[in-house]
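S.K.: this is a predicted model, with the sequence first.
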Amino acid sequence: METILGQQAKEVFDVVVVGGGGAGLAAAIEARAAGRSVVLLEKNDKLGGSTSWSIGSITSTGTPHQLRRGISDNPADHWADMPGFAGELAPRDNDELRRILCDEIPATFQWLLDSGIRFMGPMPEPPHRQPRMHNVLPNSHSYIYHLERRARRAGVEIRTGERISALEVHSGKVTGVKSENRLFKGWATILTTGDFTNSPELKARFMGPQEAKVEGVNLTATGDGQRMAEALGARILNGDLALGPELRFIAPGKETLVRRLPPWRALALFMEWAMNHVPAAILRPFLMQFLTTALAPSPALFEAGALLVNQRGERFGDELDRPAWRVPEQPGKVAYIILDQALAARFSAWPDFISTAPGVAYAYIPDYRRNRPDVYTQAASLKALAGRLGMQPEAFEESVHASPRRKFATGPFIALGPVRSVFVHAEGGLAVDAQHRVLAADDRPIPGLYAAGATGQGGLLLKGHGHHLAWAFVSGRRAGRFAATSNEGAETK
């Protein structure tokens, strides 16, 4: 129902979900399954969020994939293993939410399968004692494709290009959200807007001024939900923790074949079969198109003596001393990795790789030469390499020869890059309780307000591949159910 209040249109629903990534779609689907009217609001022109940007790994126990391989596993062991990823930060973890994640991801994994999503795996990832990491097929777009279809079939109203500016509050209760010219009313509001990896303000406040200069992989992850909830007295936990800054290769100008594959169920099933039956030598060229996109170069490159220079051909610090913190201050915010013939030969075969997607494969120098000519430059001399990169040859040669770390003597010489510095994800989410209600400073729930995914991470530490997506879907589904069945009343509509 829509009415007009002055110049502002008002629409009324039972549940309002803000953010159209994996957590938001899961919340909307579950709230609608409970019989509530639901609107899902996304500020971008299409759904996806950081879920679409991800590699697509999800970590779970008790999956059909584990059972087919005879792997005996359980949520209790998963819960016990996760602190191994957190290390010395483990005391800052939210044990209650970690228990919820581990207990509920098996059913949520099956829910994803029931939605039409397919996986390969499981893959080992120590300190997990059992293989638990599953990789989505054919790519992470599959999550959004299938969940959006499920949401629309269920009757969820989906609005894209709808930027929400504030929460509406009446008598101390959140009663909806506001955009520039529209008011969306609901007795429950769920924030699923992602993290703040691309919010200079929040990064400066929680991490520091240098971190504030580093962009997020997802440029639209600007902490909108955290900002709106803080205005009502909510607080952010673990805001100083993030994956990054780290160096990443600039993404290709257009998506690779693997990323462009349609997320059709039949194709995913064929790929799942192929992963288990087709010889690795045949599969490898296909996997390399995925693996040489925007992944991180291995730190082992710099440990072995590779150099890092800016667009002027100048070294700008010790390559072993947090170079990702300094790249944002360089011209164009990019840098290049320089190798000579000996280093290139070393990183052309196991165990020295350029990049990897855990559990999938490893990429070496020949893979980048073949699949990423836009980030691979080779020349017989340093002077010629500088010319091809648009650098001043004398300055570049001086930087290389003056390096105290290694003597570069024999060509051909290779430049990998540009690379840029990014945050992949941040752990700073709103404090929430076990029902995913957003908590104020006194630990009392803010009436009518819920949060899930990275926005409602609640102090939970999610290091390790596959845990962020697992939490997105588990917490999204739970927040949708709790919001839909809350007894706070529809009188606020």
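M.R.: Looks like it came in fine. Just so we're clear, the structure is a prediction, and the values are computed from it rather than from any experiment.

S.K.: burial of Gly313, as a residue count?
M.R.: 24 (other CB atoms under 10 Å). For the C-beta atoms, the positions are set from N, CA and C on the backbone; glycine is no exception.

S.K.: whoops, I mixed them up, Ser57
M.R.: Ser57 has 26 nearby residues by other CB under 10 Å.

S.K.: what of the one 5 residues further on?
M.R.: Burial of Gly62, expressed as a neighbour count using other CB under 10 Å, amounts to 19.

S.K.: go on, Ala204?
M.R.: 14.

S.K.: was I right to think it contacts Lys213?
M.R.: No. Contact criterion CB atoms under 8 Å: Ala204 and Lys213 do not qualify, at 9.1 Å.

S.K.: can you tell me how far Pro126 is from Trp79?
M.R.: Note on Pro126: its distance to Trp79, by CB to CB, to the nearest Å, is 16 Å.

S.K.: who's more crowded, these two?
M.R.: Comparing Pro126 with Trp79 by other CB under 10 Å, the one with more neighbours is Trp79, at 17 against 9.

S.K.: helix or strand for Asp103, which one?
M.R.: Applying DSSP states H and E as the criterion places Asp103 in helix 95-114.

S.K.: pLDDT on that helix, on average?
M.R.: Confidence for helix 95-114, expressed as mean pLDDT, is 98.

S.K.: of all the residues in it, which ones are buried?
M.R.: Neighbour-count burial for helix 95-114, counted by 16 or more other CB atoms under 10 Å, picks out 97-106, 108-109, 111-112.

S.K.: stretch 342-354 now?
M.R.: For stretch 342-354, by 16+ other CB under 10 Å, it's 343-344, 346-347, 352-354.

S.K.: quick check: which ranges of this structure have low pLDDT?
M.R.: 1-7, 253-262, 264-294, 357-360, 488-493 (pLDDT under 70).

S.K.: go with 80
M.R.: 1-8, 252-294, 357-361, 487-493 (pLDDT under 80).

S.K.: quick one, domains of it?
M.R.: 2-244+425-492, 246-423 (automatic domain parsing).

S.K.: deepest-packed of the ones you listed, please.
M.R.: Stretch with highest mean neighbour count among the domains of the chain: domain 2-244+425-492 (a mean of 21; mean count of other CB atoms under 10 Å).

S.K.: thinking again about what came up before, and the contacts of the helix holding Asp103?
M.R.: 26, 58-64, 75-76, 78-79, 82, 119, 134, 143, 432, 434, 457-461, 467, 470-471, 473-475, 477-478 (CB atoms under 8 Å, 6 or more residues apart in numbering).

S.K.: and if we set it to 6 Å?
M.R.: Here helix 95-114 makes contact (CB atoms under 6 Å, 6 or more residues apart in numbering) with 60-63, 75, 78-79, 82, 434, 458, 460, 470-471, 473-474.

S.K.: how far does it sit from the chain's center?
M.R.: Mean C-alpha position of helix 95-114 versus that of the full chain (CA atoms, centre = their mean, to the nearest Å) differs by 18 Å.

S.K.: just the C-alpha atoms of it, please, in CSV.
M.R.: Presented in CSV, the C-alpha positions along helix 95-114 are these (Å, rounded to 0.1, in the frame of the first residue of the first chain):
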residue,chain,number,x,y,z
ASP,A,95,31.4,-17.7,21.5
GLU,A,96,27.6,-17.7,21.5
LEU,A,97,27.3,-16.5,18.0
ARG,A,98,30.1,-18.9,16.9
ARG,A,99,28.0,-21.7,18.4
ILE,A,100,25.0,-20.5,16.4
LEU,A,101,27.0,-20.4,13.2
CYS,A,102,28.4,-23.9,13.6
ASP,A,103,25.1,-25.5,14.8
GLU,A,104,23.0,-24.0,12.0
ILE,A,105,25.3,-24.0,8.9
PRO,A,106,24.5,-27.6,8.0
ALA,A,107,20.8,-26.9,7.6
THR,A,108,21.6,-23.7,5.8
PHE,A,109,23.9,-25.4,3.4
GLN,A,110,21.0,-27.8,2.6
TRP,A,111,18.8,-24.8,2.2
LEU,A,112,21.2,-23.4,-0.4
LEU,A,113,21.2,-26.7,-2.2
ASP,A,114,17.4,-26.7,-2.1
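
S.K.: could you number the chain from 97 rather than 1 from now on?
M.R.: OK, 97 is where the count begins now, so the last one is helix 191-210.

S.K.: show me what secondary structure element comes after that helix.
M.R.: strand 214-219.
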